[in-house]
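Student: Need a 3D model of the sequence below.
(one chain, ligands or ions: 1)
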Amino acid sequence: MLTSKQGIEQVWTIRRATEADSGEVSSFQQSLNRPQRSDSICSEYFLAEVDGELVGCAAVRLKEQTGYLYGLVVSKRWRRRGIGYALTDRRLDWLRGTRASSAFVLSMFWNIRFFKRHGFELADRRKKRDLGSLHQDFTDKWSARSVLLVVDLGRPSSPPL
Ligand SMILES: CC(C)(COP(=O)(O)OP(=O)(O)OC[C@H]1O[C@@H](n2cnc3c(N)ncnc32)[C@H](O)[C@@H]1OP(=O)(O)O)[C@@H](O)C(=O)NCCC(=O)NCCS
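Tutor: Purely as a prediction, here's the structure:
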C-alpha cells in the first residue's frame, strides 16, 4: 500500500493509457455523462486504477510550449480521496519534463478551486481563440460556458489539502 502526498492510504495506481484502452476510457466517460469530445486521443490519457478497475482518467496534450489538460473524471464512489488531484499532479509533472512553459484548462466555475490548488489562475478569455490549433475543445460550442485557467509551469503548486 502506498501513502499519498496527503498522508492517507493510497490504493490506486496511475499509468499511461495505450490505444488498447480506448474502448474502456470512452465507456467510462459515457457512464459518467461526460460530453463526447470531437477531439480525444487515448494515448494522451493517464488512468487511475484500483485492482485493475478504472476509477479515473485525465488527458494532457502538448503543442510546442503549451500544454492543455482535458478529460478529467473520477468515478463517483472514488471521489474526494485525492485521485483527481493525483491525476492532475501527474499531468503537470509530465509537462514539466517537456519544454512546456504553461498549461491551460477549461473549467466549470465549481471546479475553479480544485485547479487553483495546482497553481492555476484565471486567464484572459480572449486567449481561447488562439488555442484553437491546440485542441478542438477551444472551438467547440460547449467551451463558451467554461472558464479558461492557466498555470505557469515554472511556479510550484500549493501542497494538497
Ligand atoms: C472534479 C473531479 C475530477 C475531482 O475528482 P476527485 O478525485 O474527487 O478530486 P480530489 O479528491 O483530488 O479533490 C476533490 C475534493 O476532495 C477533497 N479531498 C481530497 N482528498 C480528500 C480526503 N481524503 N478526504 C476528504 N476530502 C478530500 C479535496 O480537498 C477537494 O476539495 P474541494 O473540492 O473543496 O477543493 C470529480 O469531482 C469529477 O469527476 N467531477 C465530474 C467531472 C468534472 O467535473 N471534471 C472536471 C472537468 S474540468
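
Student: Now tell me what touches the helix ranked longest in the chain from outside.
Tutor: Secondary structure of the chain per DSSP state H: the longest helix is helix 83-96. For helix 83-96, contacts defined as Cβ atoms under 8 Å, 6 or more residues apart in numbering pick out 4-6, 10, 12, 14, 46, 48, 55-60, 62, 67, 69, 72, 74, 103, 114-115, 117-118, 151, 153, 157, 160. Placement of C-beta: from N, CA and C, glycine included.

Student: Just the buried positions in the longest strand belonging to the chain, please.
Tutor: Looking across the chain with DSSP state E, the single longest strand is strand 53-63. Using 16 or more other Cβ atoms under 10 Å as the test for burial, strand 53-63 gives Leu54, Val55, Gly56, Cys57, Ala58, Ala59, Val60, Arg61, Leu62.

Student: Just flag the most distant two among those.
Tutor: Val55 and Leu62 (25.1 Å; Cβ to Cβ).

Student: Low-confidence regions, this protein specifically.
Tutor: Scanning the chain for pLDDT under 70 picks out the ranges 1-9, 155-161.

Student: for the ligand, what are the nearby residues on it?
Tutor: By Cβ under 6 Å from any ligand atom, the part of the chain that sits against the ligand consists of 6, 8, 72-74, 79-85, 107, 111, 113-114, 161.
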